[in-house]
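**Q** Here is a sequence together with a model predicted from it:
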Amino acid sequence: MTVDEDLSMLEDQVRRLKIEYDIFFGGGSKKPPADIEWKVKNLLKKYSDGSRMSYSQRFRYTTVQQKYALFNSLWQQKLQIKEEGYRRPQDAMLGIQGMRPDQQHAAEQELKLHGSVVDAKPFSIAYSDSKADYKQVEALFHALSDARKHTGEKSSANLDSFKKFVDQKTSQLKKEYGSKSVEYSVEIKNGQVKLKAKPRV
């Protein structure tokens, strides 16, 4: 199977896992869906190093990974409540209902605060001249746009203005450091997109 097919399967398995857990906590099943969870964990582990994926595939993987981490945190709470018994009315509600949008948003914020959201691995290119490396700067622009889209950041830049910026920055760094090219990388750290430039001798 291709990487994209595996990622589609992973997305499907996470959706199925959520449905099965909802059924389990609703009393429609006696056991949690261990088989599906095993498949999800195996697929997550298979691509955990990100080496076989393109930048867009890594973002797709990270998005699913974060969603699973979010749901898994809630499921663990529910399992603990189920094992210990419902002490409070709100515990019983948590044990039966799925997560409301406001709960999901709060849980996402909590995961970010505690550093549980995984940062995507950086995308990088070496750039020296716009005429020779136009495809490179185009790939960098799309990687930056994808990154901002996944983090919810807005970008007003277009390809032409971005190319001019990269040309100016490259000329400046090559002149300042006497380098032959400049390495540009797009990274996500703590939910924020960063474009970095490093001269290469």
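**A** That came in fine, so what should we check first? Keep in mind the model is a prediction, meaning the values are calculated, not measured. Residues are numbered from 1 along each chain as shown.

**Q** So the chain: which segments form each domain?
**A** Per automatic domain parsing, the structural domains of the chain span 3-113, 123-200.

**Q** Compare the mean pLDDT across those and name the weakest.
**A** Set side by side, these give their lowest mean pLDDT on domain 3-113, at a mean of 76.

**Q** In CSV, list the domains of the chain along with mean neighbour count.
**A** For every residue, glycine as well, the C-beta is placed using N, CA and C. As requested, the domains of the chain are exported to CSV (neighbours: other CB atoms under 10 Å):
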stretch, mean neighbour count
domain 3-113, 15
domain 123-200, 15
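
**Q** if I pick Pro199, what's in contact with it?
**A** Residues in contact with Pro199 (CB atoms under 8 Å, 6 or more residues apart in numbering) are Leu173, Lys174, Glu176, Tyr177, Ser179, Ser181, Val182, Glu183.

**Q** Any chance of the backbone angles for it?
**A** Per-residue torsions, Pro199: phi -60, psi 140 (degrees, to the nearest 10).

**Q** do you know how far it is from Asp129?
**A** 14 Å (CB to CB, to the nearest Å).

**Q** Which residue ranges of this structure form strands?
**A** Assigned by DSSP state E, the strands in the chain fall at 123-127, 181-189, 192-200.

**Q** Tell me which of the ones you listed lies nearest to Leu17.
**A** strand 181-189 (25.2 Å; CB to CB).

**Q** Show me what that closest one pairs with in its sheet, parallel or antiparallel.
**A** strand 123-127 (antiparallel), strand 192-200 (antiparallel) (DSSP bridges).

**Q** just how off-centre is that strand within its chain?
**A** Using CA atoms, centre = their mean, to the nearest Å, the distance from the centre of strand 181-189 to the centre of the chain it belongs to is 17 Å.

**Q** which residues touch that strand?
**A** By CB under 8 Å, 6+ apart, strand 181-189 touches 55, 119-120, 122-128, 140, 143-144, 147, 150-151, 166, 169-170, 173-174, 193-200.

**Q** ok, now how distant is the spatially most central residue of the chain from Leu195?
**A** Centroid-nearest residue in the chain: Thr62, 2.9 Å away (criterion: CA atoms, centre = their mean). Separation of Thr62 from Leu195 (CB to CB): 18 Å.

**Q** just Leu140 next, same as before
**A** Counting by CB to CB, the gap from Leu140 to Leu195 is 8 Å.

**Q** What of Leu44?
**A** Leu44 is 28 Å from Leu195, by CB to CB.

**Q** And Phe59, by the same measure?
**A** Distance from Phe59 to Leu195, by CB to CB: 16 Å.
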